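**Q** Kindly generate the corresponding structure for this input.
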Amino acid sequence: MATSRSVRSATLALATALAALAVAAVPFPAGAAPSAPPAVTPRAETPALHDDAAGGEADADDPAIWRDAADPGRSLVIATAKKGGLRVYDLDAREVQSLPAPAAPGPGHAAGRFNNVDLVSGLRLSSGRADLAVVSDRGNDRLRFYRIDRDRAGGPLTDVTDPAAPPVFSASQQEIDEQRTAYGLATWTDQATGRSYALVSRRERTTLALLELTPGAGGTVGYRKVRTLDLPAAFRLPNGKKWSPCAEPGELPQVEGMVVDAHNGTLYAGQEDVGIWRLRADLTGTPKLIDKVREYGVPATYDDAAGKCVAGADPGYGGKRLTADVEGLTLVEEPKGDGYLLASSQGDNTFVAYDREISDDNEYEGGFRVAPASPALDGSEECDGAAALKAPLGAKYPNGLLVVQDGHDAPGDPARPSTNFKFVDLRDVLKAVDG
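**A** This next block holds a predicted model:
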């Protein structure tokens, strides 16, 4: 996340309080009470990552699921660990490879920091077709590419980034060091042309960039910028007032969680303190806000001394399902465009499901939470990233898999921040959503 842990905690406390007020304001029949969404429990969890010097400043953030078509039981989960680089896990949630983020280009400059990850299948390279993991490197304002070879000696991932890959947003190293850099990420292969792209958001800004992936010499991968689009930073409320989400001075409401539905070329983008946008993946046309966070429209000012936002009265213009931040977005893809869009409602530790069909205007379908399975296997809190795959994955997950980040892994040392990833049987998720 972009905020410090102290600011983030204060923001989440505010979000939780506002969510409670929103629930209390909903009328219920006599004798009835609002209920929490149904719970699902994880089957496994990855080893804890620690965001401190002893733990290599590794902080779990975003996962992707790669399916081994030849042997689905040997599929992999590829996940970012921020300054800790990349981690690769098998379906038992055991680590099979760890790759560091790039070192700083020199004294006083930022080192690599891997934020989000997504996959591209069968990209044509000079060395032949390959499956790739694509990563947003926030520290260097670049994309990085890793070829996936399941049985390669030394680990399945190999860095194939073109050394000449340019910064995504920054014009100089000085701008890179300011860290308004590549942040959220989603990949997309246009079914009409066969060309593959990455959509990248900019930290502390509303800008989205469309990058076409290009083959380089020696089997490397680079990219070229096609176009950019800026989402709104301010909104006109029904009462005629102008509203912007509260943030530290100079920050705009950023996007992180993104996913593309290749079936219809649609991008879903989570503007963290605003809601979920639907727009064309080629960044043409007009974006539509399909759901808002509960805090939408709440006036607030940033208290610099306290390091947090101080909110006023809720005018009631927000949504009913998402509590800021909107985070990891992923698709549960069924044939013919059926299925769900899932979103992490980080502020209240739940997940929201929407109909994947645009013809139904992405109708709300339900929600769930990832709850502890046992004292030794906890659930998911403050979830940053999520990935779902509805396909057989061997004997362990014959109905598919959902992987979610857990921002507070427990049990653990409360003085040492711990994060990891939870593996959830997708069948349990669909049962919860379908009721």
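**Q** Could you pull out the helices in the stretch 151-300 of the chain for me?
**A** Taking DSSP state H, counting those that start in this stretch, the helices of the stretch 151-300 of the chain run over residues 173-177.
**Q** give me the low-pLDDT residue ranges for the stretch 301-435 of the chain?
**A** For the stretch 301-435 of the chain, no stretch has pLDDT under 70.
**Q** quick one, helices of it?
**A** According to DSSP H, counting those that start in this stretch, the helices that the stretch 301-435 of the chain contains are 426-434.
**Q** Strands of that one, start to end?
**A** Using DSSP state E, counting those that start in this stretch, the strands found in the stretch 301-435 of the chain span residues 308-311, 326-333, 339-345, 350-355, 364-370, 386-389, 401-406, 418-425.
**Q** Which positions in the strand ranked longest in the chain come out as buried?
**A** Using DSSP state E, we find that the single longest strand of the chain is strand 114-125. For strand 114-125, the neighbour count (16 or more other Cβ atoms under 10 Å) marks 114-120, 123, 125 as buried. For glycine as for every other residue, the C-beta is placed from the backbone atoms N, C-alpha and C.
**Q** Max pairwise distance over the residues you listed: which two?
**A** Using Cβ to Cβ, the pair of the buried residues of strand 114-125 lying farthest apart is 115 and 125, separated by 24.1 Å.
**Q** Pretty sure residue 60 sits against residue 81.
**A** Yes. Counting by Cβ atoms under 8 Å, residue 81 is a contact partner of residue 60 at 6.0 Å.
**Q** Need the residues touching each of those two.
**A** 49, 87 (Cβ atoms under 8 Å, 6 or more residues apart in numbering).
**Q** ok, residue 349 - contacts?
**A** 369, 379-383.
**Q** okay if I get the strands of the stretch 301-435 of the chain as CSV plus distance to residue 98 and mean neighbour count?
**A** Compiled in CSV, those are given as follows (distance: least, Cβ to Cβ, whole Å; neighbours: other Cβ atoms under 10 Å):
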stretch, distance to residue 98, mean neighbour count
strand 308-311, 35, 18
strand 326-333, 22, 25
strand 339-345, 25, 25
strand 350-355, 28, 24
strand 364-370, 25, 20
strand 386-389, 19, 26
strand 401-406, 17, 28
strand 418-425, 14, 25
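**Q** Figure out how far stretch 176-189 is from the centre of its chain.
**A** Its chain's C-alpha centre and that of stretch 176-189 lie 12 Å apart, by Cα atoms, centre = their mean, to the nearest Å.
**Q** Please apply the same query to stretch 69-78.
**A** With Cα atoms, centre = their mean, you get 22 Å for stretch 69-78.
**Q** then it to CSV, C-alphas only?
**A** Extracted in CSV, the C-alpha atoms of stretch 69-78 (Å, rounded to 0.1, in the frame of the first residue of the first chain):
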residue,chain,number,x,y,z
ALA,A,69,-1.7,-27.8,-18.7
ALA,A,70,0.3,-31.0,-18.9
ASP,A,71,0.0,-31.8,-15.2
PRO,A,72,-2.5,-29.5,-13.4
GLY,A,73,-1.5,-30.8,-10.0
ARG,A,74,1.9,-29.2,-10.5
SER,A,75,0.6,-25.7,-11.1
LEU,A,76,2.1,-22.7,-9.4
VAL,A,77,1.2,-19.6,-7.5
ILE,A,78,3.5,-16.6,-8.4
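**Q** pLDDT on it, on average?
**A** The average pLDDT within stretch 69-78 is 98.
**Q** Stretch 214-229 now?
**A** 97.
**Q** Buried residues, it. List them.
**A** For stretch 214-229, by 16+ other Cβ under 10 Å, it's 214-216, 220-223, 229.
**Q** what does that stretch contact?
**A** Stretch 214-229 has contacts (Cβ under 8 Å, 6+ apart) with 123-128, 130, 132, 143, 145, 147, 160-165, 168, 197-198, 207-213, 279, 282-284, 287.
**Q** Now for residue 361: which residues touch it?
**A** If you count contacts by Cβ under 8 Å, 6+ apart, then residue 361 has residue 290 around it.
**Q** sorry, back to before: which one of the strands of the stretch 301-435 of the chain lies closest to residue 85?
**A** Closest among these, once you apply Cβ to Cβ, is strand 418-425, at 14.2 Å.
**Q** relative to strand 401-406, how tilted is that closest one?
**A** Following axes from the mean of the first three to the mean of the last three Cα atoms, to 10 degrees, one obtains 160 degrees for the angle between strand 418-425 and strand 401-406.
**Q** Show me what strand 418-425 is packed up against.
**A** Contacts defined by 3 or more Cβ pairs under 8 Å, 6 or more residues apart in numbering; DSSP states H and E place strand 418-425 against strand 44-45, strand 49-50, strand 76-80, strand 401-406.
**Q** Format these as JSON lines; extra columns: distance to residue 260.
**A** JSON lines is the format used below for these (distance: least, Cβ to Cβ, whole Å):
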{"stretch": "strand 44-45", "distance to residue 260": "28"}
{"stretch": "strand 49-50", "distance to residue 260": "27"}
{"stretch": "strand 76-80", "distance to residue 260": "18"}
{"stretch": "strand 401-406", "distance to residue 260": "18"}
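**Q** if I look at the closest residue to residue 223 other than its chain neighbours, how far off is residue 195?
**A** Spatial nearest neighbour of residue 223, excluding adjacent residues (Cβ to Cβ, 6 or more residues apart in numbering): residue 211 at 4.1 Å. Noted for residue 211: a distance of 11 Å to residue 195, by Cβ to Cβ, to the nearest Å.
**Q** strand partners of whichever strand or helix holds residue 146, parallel vs antiparallel please.
**A** According to DSSP states H and E, residue 146 maps onto strand 142-148. Strands flanking strand 142-148 in the sheet, each with its direction: strand 128-137 (antiparallel), strand 157-159 (antiparallel) (DSSP bridges).
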